[in-house]
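J.: here is the input, now give the coordinates:
(chains A and B)
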Amino acid sequence: EDKVVQSPLSLVVHEGDTVTLNCSYEVTNFRSLLWYKQEKKAPTFLFMLTSSGIEKKSGRLSSILDKKELFSILNITATQTGDSAIYLCAVVHGGSNYKLTFGKGTLLTVNP
Amino acid sequence: KAGVTQTPRYLIKTRGQQVTLSCSPISGHRSVSWYQQTPGQGLQFLFEYFSETQRNKGNFPGRFSGRQFSNSRSEMNVSTLELGDSALYLCASSLESGGQVETQYFGPGTRLLVL
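T.: As a prediction, this is how the structure comes out:
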């Protein structure tokens, strides 16, 4: 059975801290891994990762994929209260027909 | 470009009724996927349509169905509603070129409450 597991399920930090969110997966025919941020509305896209070892960066956020060990991490440095959200990891997999399997998300709370 | 739009945004129904939700993808996107999001189960894949054909389907009962029109707009239907169908239903569209999957962009969702 295809599965995507995120850890931790929730995390509370103070502004300025650095956090690392984890996503591990077991799927057939892996194609890519996506990270999303979800606040009180629909998820918004952060990163798409397809190759191992290549870091993607956007401001204070960065992410990397390890296709050998089947996991990805999302790093957020110098956290701000606006980073409080659910962070979702999703894996695109399948053959000619593809589907996405989502993890249950990590709830990040950044306190001032 | 306008984003993914979903209608209605909120809906209240009673058990046994049926409901139809609508999704208009980003212009040029031909792939439309539907998800159900609940606090307990997270985001779960319902189905995906491409060029009016259902390409993939998640593990949901036959009460959940969908279709896609020639303009890529999609509808999702749930018949014989149950209390457990209360959820946020999200639609996402993506641009697929050369068989390569691109990232998905989500609509704002339709929040369905079944009483």
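J.: for the closest residue to residue A:66 other than its chain neighbours, the count of nearby residues, please.
T.: Sequence neighbours aside, residue A:52 is the residue nearest to residue A:66 in space, at 5.7 Å (criterion: C-beta to C-beta, 6 or more residues apart in numbering or on different chains). Where you see a C-beta, it was placed from the backbone N, CA and C, and this is true even at glycine. Neighbours of residue A:52 under the rule other C-beta atoms under 10 Å in any protein chain shown: 12.
J.: now residue A:52: how far from chain B?
T.: 18 Å (C-beta to the nearest C-beta, to the nearest Å).
J.: list the contacts for that residue?
T.: Neighbouring residues of residue A:52 by C-beta atoms under 8 Å, 6 or more residues apart in numbering or on different chains: A:65, A:66, A:67, A:68.
J.: after the helix or strand harbouring residue A:100 comes which helix or strand?
T.: Per DSSP states H and E, residue A:100 falls inside strand A:98-102. Of the helices and strands lying after strand A:98-102 in sequence (DSSP H and E), the nearest is strand A:106-111.
J.: now residue 44, which residues is it bridged with?
T.: The chain I'm using is chain A. Applying DSSP bridges to residue A:44 gives these bridge partners: residue A:37.
J.: my bad, the chain I had in mind was chain B
T.: residue B:36.
J.: quick check: it touching residue A:102?
T.: Yes - look at residue B:44 against residue A:102 with C-beta atoms under 8 Å: they come within range, at 7.4 Å.
J.: ok, these two, which is more surrounded?
T.: More crowded of residue B:44 and residue A:102, by other C-beta under 10 Å: residue A:102, with 21 against 16.
J.: what about the residue nearest to the more buried one when sequence neighbours are not counted, neighbour count?
T.: Closest residue to residue A:102 apart from its sequence neighbours, by C-beta to C-beta, 6+ apart: residue B:43 at 4.0 Å. By the criterion of other C-beta under 10 Å, residue B:43 has 24 neighbours.
J.: and the lowest-mean-pLDDT helix or strand in chain A, how far from the chain's centre?
T.: For chain A, using mean pLDDT, DSSP states H and E, the weakest element among its helices and strands is strand A:98-102, scoring a mean of 81. Taking C-alpha atoms, centre = their mean, to the nearest Å, the mean C-alpha location of strand A:98-102 is offset from the chain mean by 14 Å.
J.: so where's the chain shaky on pLDDT?
T.: The chain I'm using is chain A. Low-confidence segments of chain A (pLDDT under 70): A:96-98.
J.: look at chain B instead
T.: B:1, B:97-102.
J.: how about the residues of it by chain A?
T.: B:33, B:35, B:41-45, B:48, B:55-56, B:58, B:90, B:99, B:101-109 (C-beta under 8 Å from any C-beta of the partner chain).
J.: can you flag the buried ones in those residues?
T.: B:33, B:35, B:42-45, B:48, B:55-56, B:58, B:90, B:101, B:103-109 (16 or more other C-beta atoms under 10 Å in any protein chain shown).
J.: in the strand or helix carrying residue B:11, what's buried?
T.: Assigned by DSSP H and E, residue B:11 belongs to strand B:10-13. By 16+ other C-beta under 10 Å, the buried positions in strand B:10-13 come out as residue B:13.
J.: given that strand, what are its sheet partners and their directions?
T.: Within its sheet, strand B:10-13 is paired with strand B:110-114 (parallel), according to DSSP bridges.
J.: pull out the buried positions in the strand it pairs with.
T.: Across strand B:110-114, burial judged by 16+ other C-beta under 10 Å covers B:110, B:112, B:114.
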